[in-house]
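K.L.:
pasting a predicted model and its sequence here:
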Amino acid sequence: GAWVDRLRRRPIMIAADLGRALLLALIPIAAFTHTLRIEHLYVVGFLAGILNVLFEVAYSAYLPTLVARDRLVEGNSKLQASASVAEIAGPGLGGVLVQLVSAPLAIAVDAFSFLGSALSLAWIRKPEPGLLPERESRSLLPEIREGLRLVFGNPILRAFTFTSAIANFFIDVHLAVFVLFATRDLRLTPVILGGMYAIASLGGFLGSVMAARLVGWLGLGRAIIAGHLQVILALLIIPLSGRQVELALPLIVFSMAMWGFGAVVYVINSVSVRQAITPNEYQGRVAASLRFVSWGISPLGFMLGGILGEILGLRTTLLAAGAGSLASLIFLLFSPVWQLRGQPVG
């Protein structure tokens, strides 16, 4: 985050795209020269993960320099809609490519997709705001502390941080056992399971289309809380769906669609608020700090999910995850978020 705030965001994203294209291209090259080893995949995955984080932080920090504050929800909605389409079409296309041309060539196609992304970013002509020259001589540590201080000092950003951290923790408890629950307890086939995830992505696409309208109907803060509440309800409905597949399957499919819809509504609107109230020179650090706190807890959630699944059983663990996620609502309800009608002034 500190590096993103020191540099222009668009060149960072282009460099990250080119780096990921190069890393992915190494896999088919090594495969066709018969030198590919599992260690190569580990290294490529690790380095690509670093570039993913750089891209995502710069991506989030870049949008407020392109659009006005009152159009952030619209901008984030369009970006999320394109991401939802990719989530719907991507896995299916990847499977077809693996079937038709082999896995290494499928990865080569993926590498070219990053080149397409870099080219699209290069076409953007709107200049970014100037950087603050006095920051170039400062060390990174004080700047990182400034970003964390802003996140935890602002009541709205603090509410988003704790809400996302607690929700993600219990979502990961859920995810740790859900596939086993679906395949062992309900005996769902991989095809049905994949279709359920596709329906969740369709719900996300609908959420991206409806996010701005919900703000108009409910107000910004209540739209954020409504979206988050839908995710919690989905987490609760899934383990309460019953043991008969004929009844459980429609309920779970509905829950997955509601989950996708609510999650996207929450993300679009909460990110738009964060971008609106954060000064441009702090956008990268605030985005990275939120990501670090809310996603850094994920390994603990997966670990707890596995342990509870062994001790309590799969369905009980899913129910505990849903019940625990209710705690994440507290930080939204007892914060200024509830009172937001439109975009706040930074």
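P.N.:
In hand now; what should we look at? Numbering: from 1, shown residues only.
K.L.:
spit out the contact partners of the closest residue to residue 159 other than its chain neighbours.
P.N.:
Nearest non-adjacent residue to residue 159, counting by CB to CB, 6 or more residues apart in numbering: residue 335, 3.6 Å away. (Glycine included, C-beta is placed from N, CA and C.) Residue 335 makes contacts with 155-156, 158-159, as judged by CB atoms under 8 Å, 6 or more residues apart in numbering.
K.L.:
so which residue is dead centre in the chain?
P.N.:
Using CA atoms, centre = their mean, the residue of the chain that lies closest to the mean C-alpha position is residue 267, 8.0 Å off.
K.L.:
if we can go back for a sec, could you report the distance from the residue nearest to residue 159 to residue 285?
P.N.:
Plainly put, residue 335 is 21 Å away from residue 285 if you go by CB to CB, to the nearest Å.
K.L.:
ranges for the helices of the stretch 201-346 of the chain?
P.N.:
For the stretch 201-346 of the chain, helices defined by DSSP state H, counting those that start in this stretch occupy the ranges 220-237, 245-277, 283-296, 298-312, 314-325, 329-333.
K.L.:
packing partners for the third one?
P.N.:
If I follow you right, that is helix 283-296. Counting contacts by 3 or more CB pairs under 8 Å, 6 or more residues apart in numbering; DSSP states H and E, helix 283-296 is packed against helix 2-6, helix 38-62, helix 140-153, helix 155-180, helix 245-277.
K.L.:
for residue 118, which of the ones you listed is the nearest?
P.N.:
helix 38-62 (10.3 Å; CB to CB).
K.L.:
below-threshold pLDDT in this structure: ranges please.
P.N.:
Scanning the chain for pLDDT under 70 picks out 1-2, 5, 90-92, 95, 99, 130-140, 345-346.
K.L.:
pretty sure the residue nearest to the centre of the chain contacts residue 83?
P.N.:
No: in this structure, residue 267 is not within contact of residue 83 by CB atoms under 8 Å, at 9.9 Å.
K.L.:
identify the contacts common to the two.
P.N.:
The contact sets of residue 267 and residue 83 do not overlap (CB under 8 Å, 6+ apart).
K.L.:
outside of stretch 84-103, which residues touch it?
P.N.:
Residues outside stretch 84-103 that contact it (CB under 8 Å, 6+ apart): 105-106, 109-110, 194, 197-198, 201-202, 204-205, 207-208, 260, 264.
K.L.:
just stretch 182-202 next, same as before
P.N.:
With contacts defined as CB under 8 Å, 6+ apart, stretch 182-202 is touched by 84, 87-88, 91-92, 179, 243, 245, 248-249, 252-253, 256-257, 259-260, 314-315.
K.L.:
got the buried residues for that stretch?
P.N.:
For stretch 182-202, a neighbour-count test (16 or more other CB atoms under 10 Å) marks 182, 185-186, 188, 192-193, 196, 198-202 as buried.
K.L.:
repeat that for stretch 310-321.
P.N.:
Residues of stretch 310-321 classed as buried by neighbour count (16+ other CB under 10 Å): 314-315, 317-321.
K.L.:
same question for stretch 38-49.
P.N.:
Neighbour-count burial for stretch 38-49, counted by 16+ other CB under 10 Å, picks out 44, 48.
K.L.:
ok, back up a step: excluding its backbone neighbours, what's nearest the residue nearest to the centre of the chain?
P.N.:
residue 80 (6.8 Å).
K.L.:
what's the closest of the helices and strands packed on helix 283-296 to residue 296?
P.N.:
Residue 296 lies closest to helix 155-180 among those, at 8.2 Å (CB to CB).
K.L.:
which strands and helices sit next to that closest one?
P.N.:
By 3+ CB pairs under 8 Å, 6+ apart, helix 155-180 packs against helix 140-153, helix 220-237, helix 245-277, helix 283-296, helix 298-312, helix 314-325, helix 329-333.
K.L.:
among those helices, which comes closest to residue 114?
P.N.:
Using CB to CB, the helices and strands packed on helix 155-180 put helix 283-296 closest to residue 114, at 20.7 Å.
K.L.:
the closest one: how far from the chain's middle?
P.N.:
On the basis of CA atoms, centre = their mean, to the nearest Å, helix 283-296 sits 12 Å off its chain's mean C-alpha point.
K.L.:
ok, and what's touching that helix?
P.N.:
Under the criterion CB under 8 Å, 6+ apart, residues 1-5, 9, 53, 56-58, 60-61, 64, 143-144, 146-148, 150-151, 157, 160-161, 164-165, 168, 274-275, 278 lie in contact with helix 283-296.
K.L.:
let's see that with 7 Å instead.
P.N.:
Here helix 283-296 makes contact (CB atoms under 7 Å, 6 or more residues apart in numbering) with 1-2, 4-5, 57-58, 60-61, 64, 143-144, 146-148, 150-151, 157, 160-161, 164-165, 168, 274-275, 278.
K.L.:
in PyMOL, select just the buried ones from these.
P.N.:
Command for PyMOL, covering only those of the contacts of helix 283-296 found buried under the criterion 16+ other CB under 10 Å:
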select buried, resi 1+2+4+5+57+58+60+61+64+143+144+146+147+148+150+151+157+160+161+164+165+168+274+275+278
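K.L.:
picking up where we left off before, closest one to residue 21 out of the buried residues of stretch 310-321, please.
P.N.:
Using CB to CB, residue 321 is the member of the buried residues of stretch 310-321 that lies nearest residue 21, at 37.4 Å.
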